[in-house]
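**Q** output the structure for:
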Amino acid sequence: MHINGNNGTGYNGTWLVTDVDTNGTWFKANVGDGTLDSGTGGMAGRLGLSCGESSPANGDPGALSYDTAAYWMPSAWTGTGGATFQPAVRQRVYYVGYPGSLGCGGATDPPCVSQLPEGWGIIGGNSSATDPLGNPHIYWTCGHKSGQTNGPNPRPIIDITPVINHPYDCDQFWKLSQPPNLDQTWSFVDGPVGMVDLGRCFQGSLRPPSQSPDLLTPAPVFPNEDGGADDTICDGDYGTTLPEISIRTHIGQINGSRSPCRATCLAYVISKLHKHDCSLPPPPSAATCKADVTVAGQNTNYTNDYFGPTVADMGAGATVDVFGYIYDPANFQSLQHYPVESYSASNPYTFTISGFPYVLPDCDAVNSIPYCGSVAQTLSQPLDTCDPANEDVRFSLAGGPAGDTDTCHGYWTLHADFWDTWNQSALIPLVQDCLDGGMPTGGTPCFPNSATGQVEADIEDNHQADCIAATSTTSCP
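**A** Numbers count the residues shown, from 1 in each chain. Prediction:
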């Protein structure tokens, strides 16, 4: 990325891409003042590209300024022709290890993740997609919040919203923090959140780049794309495992609403799914069943602290799509739309669908399974017209070739870029100690509540990073 110009500071703003390298390894844009070089410390946030803001004059003086990496997503726009800029509320970035990778590296353990190579870039998502199925590693959600219950025997709780492949109504979840519910744990919901996961399985040398920035080549892929036998780990031709970077932009309210949709677009977390009345023609893969689907709602008899709208809000004649069903890892989205046959008369959070595959097991979200997946009303075929009167979703994304000011690209073209310009002396211990469990003697644990199942470390500032690495010169909690 080449930085030109002096067009103001701060996070909120738009920048015009002025040139793109023919090999796709860099682009130029007028984005602010200063320079952005690997390890220079703290400038990227002032350029609107990172969470690494370091100047008190620009706000957030106690932030994690060690993180000078560049994170980029296209801006959102609303109105006819995408004429109105929609400032993002915030952006959060997650660095993810393998499930169970704390204490990794043993003969029967998941492999440890490798350090991210300094100066390299990774691109995620497909800006050329023509529909959501063409961009399988982007997701839309209303966010989540993890914590634990109070009392002598604390246990983890996660207030989670559906994860699907299109934006949906977030108002239904935010309203749970308002009268008459007044459950403030849901106040984190601020509107639709676009998520782009970057590939983590790499084939090649993690050498220093010949130019900065440069893209990892060949591009990292996902575990189910590396040619290995296990679709959850990097065990094939792309055998080097990097931290998975998940870049998540909060779009915010659109015209005062946390629902981005022109019509009803509800989504739910599945807490139970039970098949019955199966038709069993050969082969078994062709057999289908009816299925009773119970979603997380306000009735704690069914939901373990989860909340959500009732299923009857979908209305008569609805069809739904299932996303991320825990027993169908090969298909994030169901391969067909399921008609809603009926709604339960006794439970406002249960409905019956038809056509569900016989080969997929039932699911009951208890104990080690916090939820079974997500289910959402079917959206009509996406239309890339940028006309709110004809679109299900009331915002579009910027995109197109260098110098283009086109703001009429569909939500399914979401993509993201990452450039590792971190302060490496801070990043290396975080990867080692938080993702691989190599806690140094005297360091502060990344997961202070690990006994209750805490799996997220919120690294808020440089002092916390120093405490984890046991390098702080001041007292640590």
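
**Q** surely His337 meets Asp321?
**A** Yes - taking contacts as C-beta atoms under 8 Å, His337 lies within contact range of Asp321: 6.0 Å. (C-beta placed from N, C-alpha, C; glycine too.)

**Q** which of those two has more neighbours?
**A** Higher neighbour count among His337 and Asp321: Asp321, with 21 against 14, using other C-beta atoms under 10 Å.

**Q** got phi/psi on the more buried one?
**A** phi -120, psi 140 (degrees, to the nearest 10).

**Q** re the thing from before, overlap in contacts, His337 and Asp321.
**A** Thr378 (C-beta atoms under 8 Å, 6 or more residues apart in numbering).

**Q** this protein: helices as residue ranges?
**A** For the chain, the helices defined by DSSP state H occupy 43-46, 171-174, 300-303, 424-430, 462-468.

**Q** just give me the lowest mean pLDDT stretch among the ones you listed.
**A** Mean pLDDT values for these show the minimum at helix 43-46, a mean of 31.

**Q** send me stretch 332-349 as CSV with only the CA atoms.
**A** Only the C-alpha atoms of stretch 332-349 are listed here, as CSV (Å, rounded to 0.1, in the frame of the first residue of the first chain):
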residue,chain,number,x,y,z
PHE,A,332,-22.1,-23.4,5.4
GLN,A,333,-25.4,-22.6,3.6
SER,A,334,-28.2,-25.2,3.1
LEU,A,335,-28.3,-26.3,-0.5
GLN,A,336,-32.1,-25.5,-0.8
HIS,A,337,-34.7,-23.3,0.7
TYR,A,338,-36.9,-25.1,3.3
PRO,A,339,-40.6,-24.3,3.3
VAL,A,340,-42.1,-23.5,6.8
GLU,A,341,-44.9,-26.1,7.2
SER,A,342,-46.3,-24.9,10.5
TYR,A,343,-45.6,-23.0,13.8
SER,A,344,-45.9,-24.6,17.2
ALA,A,345,-49.1,-23.8,19.1
SER,A,346,-47.4,-24.3,22.4
ASN,A,347,-43.9,-22.9,21.9
PRO,A,348,-43.4,-19.6,20.2
TYR,A,349,-39.8,-20.5,19.3
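
**Q** pull the residues that contact that stretch.
**A** 132-133, 136, 164-165, 271, 290-292, 294-297, 299, 302-303, 308, 310-312, 314, 317-325, 328, 350-356, 378.

**Q** just the buried ones among those, please.
**A** The neighbour-count test (16 or more other C-beta atoms under 10 Å) marks 132, 136, 164-165, 271, 290-292, 294-297, 302-303, 308, 310-311, 314, 318, 320-325, 328, 350-353, 355-356, 378 as buried among the contacts of stretch 332-349.

**Q** burial check on Pro243, number of neighbours?
**A** Residues near Pro243, counting by other C-beta under 10 Å: 23.

**Q** who touches it in this structure?
**A** 95-97, 113, 116, 200, 431, 435.

**Q** just the residues you listed now: which is nearest His276?
**A** Taking C-beta to C-beta as the measure, Val96 is the one of those closest to His276, at 36.9 Å.

**Q** just give me the neighbour total for the nearest residue to Pro429 once chain neighbours are set aside.
**A** Spatially, and ignoring its direct neighbours in sequence, Pro429 is nearest to Ala469 (3.6 Å; C-beta to C-beta, 6 or more residues apart in numbering). By the measure other C-beta under 10 Å, the count of residues near Ala469 is 20.

**Q** Pro370 too?
**A** 19.

**Q** show me where pLDDT drops low in the stretch 301-450 of the chain?
**A** Scanning the stretch 301-450 of the chain for pLDDT under 70 picks out 301-309, 366-369, 381-385, 387-391, 401-404, 437-442, 447-450.

**Q** list the buried residues of the strand ranked longest in the chain.
**A** Criterion DSSP state E: the longest strand present in the chain is strand 267-279. Within strand 267-279, the residues that count as buried by 16+ other C-beta under 10 Å are 267-273, 275.

**Q** possible to save those residues as TSV with distance to Thr217?
**A** Shown next, in TSV, are these (distance: C-beta to C-beta, whole Å):
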residue	distance to Thr217
Ala267	37
Tyr268	41
Val269	39
Ile270	39
Ser271	43
Lys272	45
Leu273	42
Lys275	46
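
**Q** could you chop the chain up by domain?
**A** 66-261+394-466, 267-377 (automatic domain parsing).

**Q** between the two ends of the longest one, what distance do you get?
**A** Domain 66-261+394-466 has its terminal residues 10 Å apart, counting by C-alpha to C-alpha, to the nearest Å.

**Q** what of stretch 469-477?
**A** First residue to last in stretch 469-477 (C-alpha to C-alpha) measures 13 Å.

**Q** tell me the buried residues in that stretch?
**A** Buried, per 16+ other C-beta under 10 Å, within stretch 469-477: 469, 472.

**Q** please narrow the contacts of stretch 332-349 to those residing in strands.
**A** 271, 290-292, 294-295, 319-323, 350-356.

**Q** quick one: strands adjacent to the longest strand of the chain?
**A** Counting by DSSP bridges, the strands paired with strand 267-279 are strand 288-295 (antiparallel), strand 363-364 (antiparallel), strand 373-377 (antiparallel).

**Q** can you pull the buried residues of the last one?
**A** By neighbour count, with 16+ other C-beta under 10 Å as the criterion, the buried positions of strand 373-377 are 373-377.

**Q** closest one to Cys170 out of the residues you listed, please.
**A** Ala376 (12.4 Å).
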